[in-house]
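Participant: structural data only, the sequence is not supplied:
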């Protein structure tokens, strides 16, 4: 039980506490260094080296980019997908409902044919509900990753939020810089805007 | 007994598009009196103030899920006998079992077609 308590306490130590513990353990007693002390020193030094290396690796991954740019950007794009598919599906349903109204004016035979086709359209439009749910799951997963990365950064006492300008300064150049895909609804332009630019 | 196509049906789903699809398919089947709710809480409110002959509900909704709505309906003496069909993308065995144990009358997996919808309603209410 004593070992289990010690393990639990060790897991909850911050990096500073761990380093202080190592210092205390490394206080050499005059003429009292035993083989066990040396072995302990080696293990603890290895642990400190491991923590430093892990921290450097994590820093090189730029974890701030994940939380402050990449994940929010990805979730924005996914939200835009859901919105766009909902709007498109609405348009399809409008058209299908119009067809049903028109069908009533046709002969019974043609009316039945049109109704069957319209039914197929309604059935196909089920997709929007399914894709919406799948995308919601992906967004939840991304947010969970963001949270875990955030906690990892805290546990390594990582500096506060990185400068977004620094992230975006890593720009693509040349033609690659022109490949951005559709803009999010909040920053998109319509044809009138494009025509205005084109004409200027 | 013939199914009353004028009976009020309550559709419950948090996706407006799905409500529209289900409404249109039910109209094609001849049902005329269709109401909608966006989640279990709104559905329960409507159920306590109106009479319905059938509830068709999604599962994944907030703040009240379809399963919670089903349990509320089955535990309410005024509502417990209303036929309840779950229409959901939840397809695991444990989901179906949970719904059955809660008293669902039938279970439809999304995406579904008009034939399935009609067949499941007929199973619950009788042929029409």
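Facilitator: Ah, there it is. Keep in mind that this is a model prediction, so the values were computed, not measured.

Participant: residues contacting whichever residue of chain B sits closest to chain A?
Facilitator: For chain B, the residue closest to chain A is residue B:111, as judged by C-beta to the nearest C-beta, at 3.3 Å. Where you see a C-beta, it was placed from the backbone N, CA and C, and this is true even at glycine. By C-beta atoms under 8 Å, 6 or more residues apart in numbering or on different chains, the residues touching residue B:111 are A:123, A:126, A:127, A:129, A:130.

Participant: list the helices and strands the strand or helix carrying residue A:112 packs on?
Facilitator: Element membership for residue A:112 (DSSP states H and E) is helix A:108-124. Packing partners of helix A:108-124 (3 or more C-beta pairs under 8 Å, 6 or more residues apart in numbering or on different chains; DSSP states H and E): helix A:71-103, helix B:16-29, helix B:114-125.

Participant: which SSE is immediately downstream of it?
Facilitator: Using DSSP H and E, the helix or strand that follows helix A:108-124 in sequence is helix A:127-155.

Participant: just the buried positions in that next one, please.
Facilitator: The neighbour-count check on helix A:127-155 (16 or more other C-beta atoms under 10 Å in any protein chain shown) flags A:128, A:129, A:132, A:133, A:135, A:139, A:142, A:146, A:149, A:150, A:153 as buried.

Participant: low-confidence ranges, the chain, go.
Facilitator: I'll assume chain A. Applying pLDDT under 70 to chain A flags the ranges A:1-8, A:10-11, A:25-32, A:156-172, A:175-176, A:178-179, A:181-182.

Participant: meant chain B actually
Facilitator: Ranges of chain B meeting pLDDT under 70: B:1.

Participant: interface residues of it facing chain A?
Facilitator: B:13, B:15-18, B:20-21, B:24-25, B:28, B:60, B:89, B:110-114 (C-beta under 8 Å from any C-beta of the partner chain).

Participant: now that we have those, which of them are buried?
Facilitator: Neighbour counting by 16+ other C-beta under 10 Å classes B:13, B:15, B:17-18, B:20-21, B:24-25, B:28, B:60, B:89, B:110-114 among the residues of chain B next to chain A as buried.

Participant: follow-up on the earlier one: go through the helices and strands packed on helix A:108-124 and name the closest to residue B:73.
Facilitator: Among the helices and strands packed on helix A:108-124, the nearest to residue B:73 by C-beta to C-beta is helix B:114-125 (14.1 Å).

Participant: run the chain-centre distance for the closest one.
Facilitator: Relative to the chain's own centre, helix B:114-125 is displaced by 12 Å; criterion: C-alpha atoms, centre = their mean, to the nearest Å.

Participant: that helix relative to helix B:16-29, how many degrees between them?
Facilitator: Helix B:114-125 runs at 70 degrees relative to helix B:16-29, counting by axes from the mean of the first three to the mean of the last three C-alpha atoms, to 10 degrees.

Participant: tell me, how many residues neighbour whatever residue of chain A ends up closest to chain B?
Facilitator: Nearest to chain B in chain A, going by C-beta to the nearest C-beta, is residue A:126, at a distance of 3.3 Å. Residue A:126 has 20 neighbours, counted by other C-beta atoms under 10 Å in any protein chain shown.
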